[in-house]
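In: Please find the sequence and the predicted model below.
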Amino acid sequence: MKDNLMLLDTHVHTCQVSPCGKVPAKEMIELYKEAGYGGVIITDHYYKRYFESLGDRPWEDKVQSFLSGYKAALERGNVLGVKVFLGMEIRFIYGSEDYLVFGLDEDYLLQNPRLYLYTLEDFRDHIQETGALIFQAHPFRPGLTPAPGNLLDGMEVHNGNPRHDSGNDRAYDYAKSNGLMMSSGSDSHQTGDVGRGGIFLPEDIYSMSDLIRWYRQRIPGPEHIYKNDEV
């Protein structure tokens with residue numbers, strides 16, 4: 001671990017919400033504590049099929065279901081001293097691409113239903129006043145297309161999921177050539193995924209607002225990116 005820096009994983013799922021997730025939120029946080037991480041961003045999948053699977057329940061109830069993994073992780077993180085931030089991995093109905101969104105809080109999700117119905121361009125316009133950031137996740141996996149740089153704040157330049165070829169080198173080159181912010185994440189779904197990615201941050205990052213402020217003050221380069229393909 002680098003001195004005076006904490007390691008934050010920007011791409012973590014829980015089995016409470018993400019159908020592909022295999023690890024309960026509390027156990028996930030325990031694994032990250034053991035791996036030496038100072039924080040994680042819970043980025044459970046936000047997409048049409050998930051919310052439709054919840055039936056005819058009121059939107060408020062559906063949002064609470066979506067937040068259940070994050071809230072369980074936060075509770076355990078508070079006990080273990082692991083910082084837990086709320087994010088999402090959104091997929092719009094017009095494509096198969098996924099986007100990590102950092103900075104939308106519970107109130108915003110309650111007051112703005114079915115965000116998956118937007119196009120990326122409309123979504124970006126819609127959330128602009130919130131200051132939230134949009135990073136395209138694993139943009140160079142087979143069958144996916146990187147979004148135009150002007151529609152993104154950043155790009156996931158290292159995705160550590162061992163079951164996919166994410167084309168990380170191509171993602172890094174694209175982000176660099178388009179002046180985009182960079183992120184790295186394990187894309188954790190299973191126990192063996194923990195600790196494969198992350199970013200190094202000052203230890204005084206205590207909230208998502210702090211993280212966004214840090215990103216906006218600089219364009220993080222390779223010195224901030226953690227990747228571990230040998231876990």
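Out: Done, it's in. As the structure is a computational prediction, the values presented were derived from the model and not from experiment.
In: When you work out contacts or count neighbours from here on, use the C-alpha atoms and nothing else.
Out: Will do.
In: And stretch 173-185, how far out from the chain middle?
Out: The chain centre lies 15 Å from the centre of stretch 173-185; the measure is Cα atoms, centre = their mean, to the nearest Å.
In: what residues does that stretch touch?
Out: With contact meaning Cα atoms under 8 Å, 6 or more residues apart in numbering, stretch 173-185 is reached by 9-12, 135, 149, 152-160, 172, 196-199, 215, 219-221, 225-227.
In: out of those, which are inside strands?
Out: When DSSP state E defines the strands, the subset of the contacts of stretch 173-185 inside them is 9-12, 135, 154-159, 197-199, 225-227.
In: quick one: contacts for the nearest residue to Pro162 once chain neighbours are set aside?
Out: Distances taken as Cα to Cα, 6 or more residues apart in numbering place Asp193 nearest to Pro162, at 7.1 Å, with adjacent residues excluded. Asp193 is in contact with Gly160, Asn161, Pro162, Ser186, Asp187, Val231, counting by Cα under 8 Å, 6+ apart.
In: Would you mind checking which of these is nearest to Gly38?
Out: Using Cα to Cα, Ser186 is the member of the contacts of Asp193 that lies nearest Gly38, at 14.3 Å.
In: Look up the pLDDT of the closest one for me, please.
Out: At Ser186, the model reports a pLDDT of 91.
In: Check Cys15 too.
Out: pLDDT at Cys15 comes out at 91.
In: Also Ile219?
Out: 59.
In: re the thing from before, list only buried entries from the contacts of Asp193.
Out: Gly160, Asn161, Pro162, Ser186, Asp187 (16 or more other Cα atoms under 10 Å).
In: show me where this protein has helices.
Out: In the chain, the helices defined using DSSP state H lie at 25-34, 48-52, 59-80, 106-111, 120-127, 168-177, 208-217.
In: Tell me how many other residues crowd Ser177.
Out: Ser177 has 10 neighbours, counted by other Cα atoms under 10 Å.
In: one step back: how about the helices of the chain, which one is nearest Asp98?
Out: helix 120-127 (10.1 Å).
In: ok, the closest residue to Thr43 other than its chain neighbours to Ile134 distance?
Out: Residue nearest to Thr43 in three dimensions, not counting chain neighbours: Met88, with 3.9 Å by Cα to Cα, 6+ apart. According to Cα to Cα, to the nearest Å, Met88 and Ile134 sit 10 Å apart.
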